[in-house]
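Student: Mind looking at a prediction? Sequence and model below.
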Amino acid sequence: MEYSIGELKDLFDGKLPWNRVKQIMSHPKDDDRFDKYIEILQERFPWPERILLPLGEHLYVVDKAGERIVKCDCGHEFGDYRRNWKLSALIFVRDDYDTLQEIYPGIRSPDPKLCEVREYYCPGCASMLKVESVPVGYPIIFEFLPDIDSFYREWLGRPLSEEREFKDMTYEVTSEWGRRS
Ligand SMILES: [Zn+2]
């Protein structure tokens with residue numbers, strides 16, 4: 001089944017009537033859905049870098065002069081996508097009774113001795129990018145390190161020109177912090 005860009009835009013924006021959404025969901029995906037999705041996203045943002053992969057609401061891995069970086073739709077850049085972008089975000093931690101009560105009022109509130117809620121915000125536009133609820137002191141979760149080269153090579157059948165080593169480089173950021181302190 002083929003869909004127009006206009007119809008897919010309405011689908012992504014949640015503007016399509018439910019019976020049509022259901023119809024689309026129950027059919028196999030069209031082969032070029034990923035490309036159409038990227039095309040729709042790309043024209044929404046003023047920046048020129050090519051989007052390689054959406055990472056979730058607001059965030060994208062883009063190609064910036066050969067570097068693969070995480071970028072917010074507002075234009076703020078978080079650096080190499082192999083380093084957890086959360087380490088470069090603004091972080092608000094709810095780790096006491098009063099701040100936890102603001103989002104979990106009454107008896108639903110978790111025990112601040114056991115649990116903390118971390119909110120991650122974009123330093124450029126202040127959008128909330130992620131929330132994680134974890135045991136106290138738990139390391140910051142790196143949720144998604146995509147294997148972009150395998151995705152383009154094996155799933156889309158068109159490898160990216162310069163393949164990169166696929167590894168988590170987050171420790172480079174934290175070891176740098178260790179050296180400075
Ligand atoms: Zn932003």
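Tutor: Nice, thanks for sending it over. Numbers count the residues shown, from 1 in each chain.

Student: Would you map the helices across this structure?
Tutor: Counting by DSSP state H, the chain has helices at residues 5-12, 18-25, 33-42, 97-103, 148-150, 170-180.

Student: so who does Val131 touch?
Tutor: Val131 sits next to 117-120 when contact means Cβ atoms under 8 Å, 6 or more residues apart in numbering. Backbone N, C-alpha and C define where each C-beta goes, glycine included.

Student: can you pull the pLDDT of it?
Tutor: In the predicted model, Val131 carries a pLDDT score of 96.

Student: The one 4 residues further on now?
Tutor: On the pLDDT scale, Pro135 is placed at 96.

Student: Now do the domain split for this structure, please.
Tutor: Domain assignment of the chain by automatic domain parsing yields the ranges 1-44, 84-180.

Student: number of nearby residues for Pro146?
Tutor: A count of nearby residues for Pro146, using other Cβ atoms under 10 Å, gives 16.

Student: With the one 3 residues further on instead?
Tutor: Counted by other Cβ under 10 Å, the residues lying close to Asp149 total 17.

Student: one step back: can you tell me which of the helices of the chain comes nearest to the ion?
Tutor: Closest to the ion of the helices of the chain is helix 33-42 (Cβ to the ion; 14.7 Å).

Student: Tell me, how many residues neighbour Tyr171?
Tutor: Tyr171 has 12 neighbours, counted by other Cβ under 10 Å.

Student: Up against the ion, what does the chain have?
Tutor: By the rule Cβ under 5 Å from the ion, the part of the chain lying against the ion is 72, 74, 76, 122, 124-125.

Student: Which one (most neighbours) among those?
Tutor: Among the residues of the chain next to the ion, Cys72 has the most neighbours (other Cβ under 10 Å), with 23 neighbours.
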